[in-house]
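[1] Coordinates only, no sequence provided:
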DNA sequence: TTCAATGCAATC
DNA sequence: ATTGCATTGAAG
């Protein structure tokens, strides 16, 4: 019986979102397995694809085409991850191939390249114009200029040129020169004694070769260990003593060795938590834990000791951390406990490094994986424990297709492997905390700080009063300045956070009120000092800083609001002797800059670390005794039901940065909303009261976790088209769902225009809608043949309502 | 009437 | 996504 491969082709459309049948040529029959990548003829070209099954027959009536080539020796997705891909596609409304690609390291994304070659049919004239060197040339419609492109297309119509497709697999294994010997030890011994007296180096090499293992050894190692030069090795090669053979090496992103650490002694609460988790690990129970631990309560040690238990049982562990927290501080801590068996996966690595870490995991050489969001797809086998630190972080949700939440994937894998999942946070998401309240998750509370260090004292500064007393737009209140000065006098360090979410410094005319906006997007341009430019944070548009108002030509156009650079300048003016380190998107763009700045601060090369949200997470500097939040409430005004939750989390998180060692810490929060519950409760770090208050608000507003939510968005260059599409979708939703469902919109998004496109959205809130999936799938089908340029997205449980 | 731009369905 | 093929639209 002829075997048939079921292939998902790499063409992300609705029509090709199911397997296509291909004949398996005899030569590939033994080799091919589900989970492998292949190249297949598709229409009039070749595309890459992914084998999801091998069957004996097919529904397809027509003539099957054969698979062209197999790209892998072994499946790149095992059976678990293949099932996970299917689940991901159904729950996130994404294409199957998109899900598969997301789960694989970047380098395994095969690329199709087109080439165009001349034929004998061409006239000399045409040949000279299009093929000056007579050779085939790359045919990339995005890179060729329009005239050449249309010319080439005409020639193709006439059949005067041929187009070929080449699927390029970028997966490259790095090698280093290696050495092996084929001679038996006895012969080498003989040679060593018979070699000329005045060639001691050759003798040394021969002696060394005798104890060489069968596998190739790096040439660099031979040179070092045998004490010979590359010259001698070359001589040995010509004499046939040894053979050169490329040796596969891993690009190790973690070069520097780390000092091993021993498990620390646990306090009672930590001990209770570890015991509970260990029991679940040992019993292979797919139980979910919520470790609710205040900052400084030693959550990480609980994670590490639980991981140790899984390893002892011969199982592996996955630890997820927000990208921003994947600092060397954090990875070092895991590496120094578990050594070489740790693999690290995050976007800071090069693609080659990512691929190599992925392969170490796939081969079972790494049994502890630490990584950011996408590491939840790591090909770990025999999972014994999954940990997700800072579980509330919104970066665990991917904001492009597939719009998955790593927490959901982690829970899925926990079920699959029958292993516990530990969600950890000082400020759990309302969803998670509510599930714990319902008894779905086991709650483990760590409310003592290690060594009973007190929580920092938090002061709230009413900026309305400050502005009244002083003149105008000062970013620094008197109490905060006094506190900073005290630290400088005592040679202690200060962390200042500028909340930048949805807030920036913009140009406004004081005469006519004109605000300078991006010509492509609907948002105001941000003022940058160095280089002095107006920039759009969404599309990257740049323009010169205007001297006069473009609207009324007044010279009184000034910038308003607060950027890190402006604050830095102002602060430097107030404290001329203070050494200030600025950490924001601009100063950390280059690879490793983030790490370098933190090291600098850790060495006390600076007194004040000034930064955006990124400094709130996971830093641990013992000499920091003061934390200031310059503008606590910029996020509160945003049209998002999670605004309070975000604000509370951020303030609590950043407050934890103060006084982590023996010196007590102080926190100053500057706000224009001193009475808001999110800020009041952040002052006392009272998560439980915040939870109860916020749950009440969510209940009032019919928001998650009381309701599920789906956000539908349509975007188009023409505002009318986008709006119209949304009204059609609205009609489909209304007829398809019960009247229990709450449908909001269509409304223009808070930032209605981004990159020359208008955005409209509809939000569905529901408790139980069995037909929802069918309705949304139908919308997905419909959006396929809608107006050109119209993009419809479906986001289940969105994190951003803007 | 002819050629070209535009829309549309199919791709195993 | 990309293609060939049908349909419609503008010039001959």
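    Received the coordinates, thanks. Fair warning: this is a prediction, and the values are worked out from it, not measured in the lab.
[2] Surely residue A:496 touches residue A:612?
    No - the criterion here is CB atoms under 8 Å, and residue A:496 misses it with residue A:612 at 10.4 Å. C-beta coordinates here come from the backbone N, C-alpha and C atoms, glycine included.
[3] So these two - more neighbours on which side?
    Taking other CB atoms under 10 Å, residue A:496 and residue A:612 do not tie; residue A:496 has more neighbours (26 against 18).
[4] how about whichever residue of the stretch 351-500 of chain A sits closest to DNA strand B, what does it touch?
    Closest residue of the stretch 351-500 of chain A to DNA strand B, CB to the nearest atom of the strand: residue A:401 (17.8 Å). The neighbourhood of residue A:401, defined by CB atoms under 8 Å, 6 or more residues apart in numbering, consists of A:92, A:94-95, A:98, A:793.
[5] By pLDDT, give me the weakest of those residues.
    For the contacts of residue A:401, the minimum pLDDT belongs to residue A:793; the value there is 92.
[6] Now name the helix or strand holding residue A:599.
    Under the criterion of DSSP states H and E, residue A:599 resides in helix A:593-602.
[7] do you know how far residue A:105 is from DNA strand C?
    22 Å (CB to the nearest atom of the strand, to the nearest Å).
[8] meant to ask about residue A:798, not that
    In terms of CB to the nearest atom of the strand, residue A:798 sits 23 Å off from DNA strand C.
[9] On the three-state scheme, that residue is what?
    Put simply, residue A:798 is coil when judged by DSSP: H, G, I helix; E, B strand; the rest coil.
[10] secondary structure class for the residue of the stretch 351-500 of chain A closest to DNA strand B?
    coil.
[11] OK, contacts around residue A:8?
    Counting by CB under 8 Å, 6+ apart, residue A:8 touches A:16-20, A:49-50, A:52, A:96-97, A:100.
[12] most surrounded residue in those residues?
    Going by other CB under 10 Å, residue A:49 tops the contacts of residue A:8 with 30 neighbours.
[13] returning to that earlier point: torsion angles phi and psi at the residue of the stretch 351-500 of chain A closest to DNA strand B?
    Backbone torsions for residue A:401, taken as degrees, to the nearest 10, come to phi -70, psi 140.
[14] do you know how far it is from residue A:543?
    32 Å (CB to CB, to the nearest Å).
[15] re earlier: out of the contacts of residue A:8, which is nearest to residue A:209?
    Checking the contacts of residue A:8 against residue A:209 with CB to CB, the nearest one is residue A:50 at 45.1 Å.
[16] Distance-wise, check that closest one relative to DNA strand C.
    Distance from residue A:50 to DNA strand C, counting by CB to the nearest atom of the strand: 16 Å.
[17] Quick check: that residue is in a helix.
    No - under three-state DSSP, residue A:50 falls outside any helix and is assigned strand.
[18] beta partners for it?
    Going by DSSP bridges, residue A:50 is paired in beta bridges with residue A:8, residue A:37.
[19] Help me confirm that it comes into contact with residue A:100.
    Yes - between residue A:50 and residue A:100 there is a contact under CB under 8 Å: 5.2 Å.
[20] what touches both of these two?
    A:8, A:77.
[21] Against which helices or strands is the helix ranked longest in chain A packed?
    Taking DSSP state H as the criterion, chain A has its longest helix at helix A:719-736. Under the contact criterion of 3 or more CB pairs under 8 Å, 6 or more residues apart in numbering; DSSP states H and E, helix A:719-736 touches strand A:708-716, strand A:742-754, strand A:757-766, helix A:772-784.
[22] what's the angle from the first one to helix A:719-736?
    For strand A:708-716 against helix A:719-736, the angle between stretch directions is 150 degrees (axes from the mean of the first three to the mean of the last three CA atoms, to 10 degrees).
[23] got it, and the third one?
    Strand A:757-766 and helix A:719-736 meet at an angle of 10 degrees, taking the same axes, to 10 degrees as the criterion.
[24] what comes into contact with strand A:757-766?
    Under CB under 8 Å, 6+ apart, the answer for strand A:757-766 is A:702-703, A:707-719, A:722-723, A:725-726, A:729-730, A:733, A:737, A:740-749, A:751-753, A:772, A:791, A:801.
[25] Please check those and keep the buried ones.
    The neighbour-count test (16 or more other CB atoms under 10 Å) marks A:703, A:707-716, A:719, A:722-723, A:725-726, A:729-730, A:733, A:737, A:741, A:743, A:745-746, A:748-749, A:752-753, A:772, A:801 as buried among the contacts of strand A:757-766.
[26] ok, which residues in chain A are in contact with DNA strand B?
    Residues of chain A lying near DNA strand B by CB under 7 Å from any atom of the strand: A:11, A:13, A:15-16, A:20-23, A:41-43, A:58, A:60, A:62-65, A:785, A:788.
[27] domain ranges for chain A?
    For chain A, the structural domains run A:4-108, A:111-168, A:174-249, A:268-398+A:406-450, A:457-502+A:562-698, A:505-560, A:708-796, going by automatic domain parsing.
[28] Could you say which of these is packed most deeply?
    Most buried of the domains of chain A, by mean neighbour count (mean count of other CB atoms under 10 Å): domain A:268-398+A:406-450, with a mean of 21.
[29] how about CSV for the contacts of residue A:401, with secondary structure and distance to DNA strand C added?
    As requested, these are arranged in CSV below (DSSP: H, G, I helix; E, B strand; the rest coil; distance: CB to the nearest atom of the strand, whole Å):
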residue, secondary structure, distance to DNA strand C
A:92, helix, 18
A:94, coil, 13
A:95, coil, 10
A:98, helix, 11
A:793, strand, 14
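[30] Which one of these is nearest to DNA strand B?
    residue A:95 (11.9 Å).
[31] what's the closest non-adjacent residue to residue A:762?
    Distances taken as CB to CB, 6 or more residues apart in numbering place residue A:745 nearest to residue A:762, at 4.0 Å, with adjacent residues excluded.
[32] Do I have it right that that neighbour meets residue A:730?
    Yes - between residue A:745 and residue A:730 there is a contact at 7.0 Å, judged by CB under 8 Å.
[33] Residue A:749 and residue A:713 touch, don't they?
    Yes - when contacts are counted by CB under 8 Å, residue A:749 is listed as touching residue A:713 (7.1 Å).
[34] what's the spacing between residue A:680 and DNA strand C?
    Distance from residue A:680 to DNA strand C, by CB to the nearest atom of the strand: 50 Å.
[35] what's the answer for residue A:52, then?
    Residue A:52 is 19 Å from DNA strand C, by CB to the nearest atom of the strand.
[36] For the residue of the stretch 51-200 of chain A found nearest DNA strand B, which non-adjacent residue is closest in space?
    For the stretch 51-200 of chain A and DNA strand B, the shortest gap (CB to the nearest atom of the strand) falls at residue A:65, measuring 3.5 Å. Distance criterion CB to CB, 6+ apart; nearest residue to residue A:65, sequence neighbours excluded, is residue A:41 at 4.8 Å.
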